[in-house]
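What shape does this take:
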Amino acid sequence: MTANADTPPGMGPLGTTLLDSRQRWRDFGMIAADLMFETDLEGQVTFLAPDHVLGWPAGDLLGSAMDGLLIEPGPPGDKLDRFRFAILAQNRRVWLRHSAGGTVCMAMPSRPLLDQWGQRTGTRGVGLDVTAQERRDTAAAAAVRRADVLDHTMNQMRQELTAPRMVQAVLEAIMRALGAQGAAVLDLTEAPLDEPPPLPWPVLHQAGKDPLLIQADALALLHGQDDVVTVEKTPQGYAMLACPAGTRFGDRAGLVVWRAAGGRAWEADDQVLTTSVTGLVRIVLEHESIQRELARQARTDPLTGLLNRRAFMDEAGRRIDRLDREALPGTLLFVDLDRLKALNDRLGHESGDAALVLAAELLRRTVRPTDLIARLGGDEFALWLDGSDEMTAAERAEGLRTGYPRALAHLTVGEELEMTMSIGIACRQPGGGETLDSLLQRADQAMYDVKRAGCGHWRVSHTGPVL
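Numbers count the residues shown, from 1 in each chain. As a prediction, this is how the structure comes out:
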């Protein structure tokens with residue numbers, strides 16, 4: 001039965017005519033509409049059809065404010081609310097509450113109700129359920145927005161030449177698109193897996209506000225996550241999105257975007273967009289990782305992982321300039337592996353490679369992490385000791401002389417072949433103007449003096465620069 005507040009007993013001819021008119025309107029309207037209503041001047045429901053409206057019994061809604069069904073009702077006393085229109089309204093869409101807890105979008109054209117004197121007495125309208133269409137339209141609009149943001153972001157990336165600038169362009173673009181206060185990429189590669197990492201923690205890239213205030217919460221969100229966007233309101237009131245951005249090469253990172261304290265909450269589309277942008281960040285991080293690996297390969301010996309000749313010469317030259325400014329000495333050790341060719345000939349190149357790798361490991365253990373170690377080629381190695389004199393270098397050389405044969409003893413079991421090192425040492429005093437080439441020549445000459453004397457020892461070059 002249709003709910004109707006205007007059917008008092010004993011009504012006159014005008015009331016009967018009004019009821020008949022409303023009944024004809026109802027019968028006609030319900031053919032095409034999902035909801036029909038009338039309200040009085042105060043927005044109170046005076047007529048509602050069908051018998052159940054969005055799961056609510058129509059009779060229970062009579063006399064109540066139609067605005068009560070709205071998801072976002074207007075302010076109390078608002079004379080311009082959605083159900084008290086004084087003019088024809090055709091293009092209105094509103095979201096209404098369903099009794100089961102869901103929401104329904106209604107297209108609700110309406111017009112004013114007039115009495116016989118032309119005075120407005122209320123509003124009459126119908127509702128058409130357009131929820132599916134509205135959601136499709138919203139999804140399509142969101143997809144277009146995401147495509148526009150991603151297209152703009154990629155255009156910004158293409159204008160940059162280096163990976164850091166590419167990531168910067170991505171972060172600035174996502175900040176503008178989401179109305180964020182800041183965005184950052186946190187380095188998680190060395191972060192412990194069993195607990196959130198301690199602060200402060202490395203920030204690879206950032207844009208906008210400094211991420212220090214949200215870093216602890218961001219790390220907690222990213223901890224243990226795998227390609228999932230996490231949303232959180234921090235204790236300080238920041239609205240934050242965090243998404244892991246690990247690469248195929250094992251590097252772990254996380255994208256974090258946040259809004260100012262008290263800012264609006266994130267919407268579902270914001271999360272989808274962040275996921276898409278995280279994909280771009282991941283691509284750039286992988287590009288950056290490839291660049292680092294190529295740079296490393298260009299500077300290192302592939303067998304031992306030590307610096308190659310070119311990288312050693314470049315870095316040692318810079319060290320000499322710095323030591324001159326600080327008035328400190330530096331010492332070069334030129335190391336040659338004795339009898340490596342004989343080892344290759346007798347036992348094969350695998351044994352020769354093993355000897356080179358063991359020599360590299362021994363050199364690493366002998367010097368400080370800040371010193372330089374290089375494989376110059378074949379069986380020749382070089383060490384640069386910052387701030388060390390020839391006495392310190394001689395101590396290191398003695399350790400190598402005695403340690404190397406022991407380290408390789410297992411390779412030559414049953415062979416009358418002792419593997420040793422011949423080492424030449426050249427010390428550079430600050431302010432003397434000696435070049436790196438001159439040092440190399442002096443250390444090389446001292447090493448050959450050792451070889452001519454029978455190998456397996458070290459010698460210091462006490463002569464001046466080679467001119």
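
residue closest to the middle of the protein?
The geometric centre of the chain, computed from its C-alpha atoms, lies nearest to Leu255 (CA atoms, centre = their mean), at 2.7 Å.

got the contact list for Glu286?
Contact partners of Glu286, counting by CB atoms under 8 Å, 6 or more residues apart in numbering, are Thr247, Arg248, Phe249, Asp251. C-beta: built from backbone N, CA, C; applies to glycine.

Please identify the helix or strand for it.
For Glu286, the element it lies in under DSSP states H and E is helix 268-299.

For the next helix or strand after that helix, list every residue counted as buried.
Of the helices and strands lying after helix 268-299 in sequence (DSSP H and E), the nearest is helix 309-326. By 16 or more other CB atoms under 10 Å, the buried positions in helix 309-326 come out as Ala311, Phe312, Met313, Ala316, Arg319, Ile320, Leu323, Asp324.

Show me what the next helix or strand after helix 309-326 is packed up against.
Sequence order places strand 330-337 as the next helix or strand after helix 309-326, per DSSP H and E. Counting contacts by 3 or more CB pairs under 8 Å, 6 or more residues apart in numbering; DSSP states H and E, strand 330-337 packs against helix 309-326, helix 349-366, strand 380-386, helix 390-407, strand 421-428, helix 436-452.

let's see 7 Å
Packing partners of strand 330-337 (3 or more CB pairs under 7 Å, 6 or more residues apart in numbering; DSSP states H and E): helix 309-326, strand 380-386, helix 390-407, strand 421-428, helix 436-452.

And stretch 142-158, what's buried?
Ala142, Arg146, Val149, Leu150, Thr153, Gln156, Met157.

Same question for stretch 408-424.
Leu408, Leu411, Thr412, Met419, Thr420, Met421, Ser422, Ile423, Gly424.

Quick one: those residues as a markdown table, columns for distance to Leu376 and pLDDT too.
Shown next, in a markdown table, are these (distance: CB to CB, whole Å; pLDDT from 0 to 100):
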| residue | distance to Leu376 | pLDDT |
| --- | --- | --- |
| Leu408 | 20 | 92 |
| Leu411 | 22 | 90 |
| Thr412 | 24 | 87 |
| Met419 | 19 | 94 |
| Thr420 | 18 | 96 |
| Met421 | 14 | 96 |
| Ser422 | 14 | 97 |
| Ile423 | 13 | 98 |
| Gly424 | 12 | 97 |
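
hang on, the earlier thing: format the helices and strands packed on strand 330-337 as a markdown table; extra columns: distance to Ala173.
A markdown table is the format used below for the helices and strands packed on strand 330-337 (distance: least, CB to CB, whole Å):
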| stretch | distance to Ala173 |
| --- | --- |
| helix 309-326 | 36 |
| strand 380-386 | 44 |
| helix 390-407 | 52 |
| strand 421-428 | 51 |
| helix 436-452 | 46 |
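
closest one to Arg259 among these?
Proximity to Arg259, assessed across those by CB to CB, is greatest for helix 309-326 (44.4 Å).

List the contacts of the closest one.
For helix 309-326, the surrounding residues in contact (CB atoms under 7 Å, 6 or more residues apart in numbering) are 299, 307, 329-330, 372, 374, 376-377, 382, 384, 386-387, 428, 430-431, 436.

Please indicate which of these are buried?
Judged by 16+ other CB under 10 Å, buried ones among the contacts of helix 309-326: 299, 307, 329-330, 372, 374, 376, 382, 384, 386-387, 428, 430, 436.

Make a ChimeraX selection of whichever of the contacts of Glu286 turn out to be buried.
To isolate the buried subset of the contacts of Glu286 in ChimeraX, counting by 16+ other CB under 10 Å, use the following:
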select :247,251
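
Would you mind measuring the gap between the ends of stretch 332-351?
Start and end residues of stretch 332-351 are separated by 28 Å (CA to CA, to the nearest Å).

Name the residues that touch that stretch?
The contact list for stretch 332-351, computed with CB under 7 Å, 6+ apart, reads 352, 355, 359, 379-384, 393, 396-397, 400, 411, 415, 417, 419-426, 439-440, 443-444, 447, 455-456.

Show me where the stretch 151-300 of the chain dips below the pLDDT cut-off.
191-200, 224-227 (pLDDT under 70).

Strands of that one, start to end?
Ranges of strands in the stretch 151-300 of the chain, per DSSP state E, counting those that start in this stretch, are 182-187, 203-208, 230-233, 239-244, 253-259.

which one of these is the most hemmed in?
Burial of the strands of the stretch 151-300 of the chain is given as mean neighbour count (mean count of other CB atoms under 10 Å); strand 253-259 ranks first at a mean of 27.

counting contacts, what elements does it pack onto?
Using 3+ CB pairs under 7 Å, 6+ apart, strand 253-259 is in contact with strand 182-187, helix 212-222, strand 239-244, helix 268-299.

now the helix holding Glu286, how far from the centre of its chain.
8 Å (CA atoms, centre = their mean, to the nearest Å).

rewinding a little: looking at the helices and strands packed on strand 330-337, spot the one closest to Val170.
Relative to Val170, the nearest member of those by CB to CB is helix 309-326, separated by 31.3 Å.

export that closest one as CSV, just CAs?
This file holds the C-alpha atoms of helix 309-326, laid out as CSV (Å, rounded to 0.1, in the frame of the first residue of the first chain):
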residue,chain,number,x,y,z
ARG,A,309,93.6,0.1,-13.3
ARG,A,310,91.6,3.1,-14.6
ALA,A,311,89.5,3.5,-11.4
PHE,A,312,92.5,3.1,-9.2
MET,A,313,94.5,5.8,-11.1
ASP,A,314,91.5,8.2,-10.9
GLU,A,315,90.8,7.7,-7.2
ALA,A,316,94.5,7.6,-6.2
GLY,A,317,95.1,10.9,-8.0
ARG,A,318,92.2,12.5,-6.0
ARG,A,319,93.7,11.1,-2.8
ILE,A,320,97.1,12.6,-3.6
ASP,A,321,95.5,16.1,-4.0
ARG,A,322,93.7,15.8,-0.7
LEU,A,323,96.7,14.5,1.2
ASP,A,324,98.8,17.5,-0.2
ARG,A,325,96.1,19.9,1.2
GLU,A,326,96.2,18.1,4.6
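
on that earlier part again, make CSV from the buried residues of helix 309-326 and add distance to Glu286 to it.
Converted to CSV, those look like this (distance: CB to CB, whole Å):
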residue, distance to Glu286
Ala311, 24
Phe312, 29
Met313, 31
Ala316, 32
Arg319, 33
Ile320, 37
Leu323, 38
Asp324, 41
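
Looking at the residues you listed, which one is closest to Gln119?
Ala311 (92.4 Å).

How confident is the prediction for that closest one, by pLDDT?
We have a pLDDT of 94 for Ala311.

Report the contact partners of Val281.
Val167, Val170, Val185, Ala245, Leu255.

distance of Val126 from Arg292?
Using CB to CB, to the nearest Å, we find Val126 at a distance of 65 Å from Arg292.
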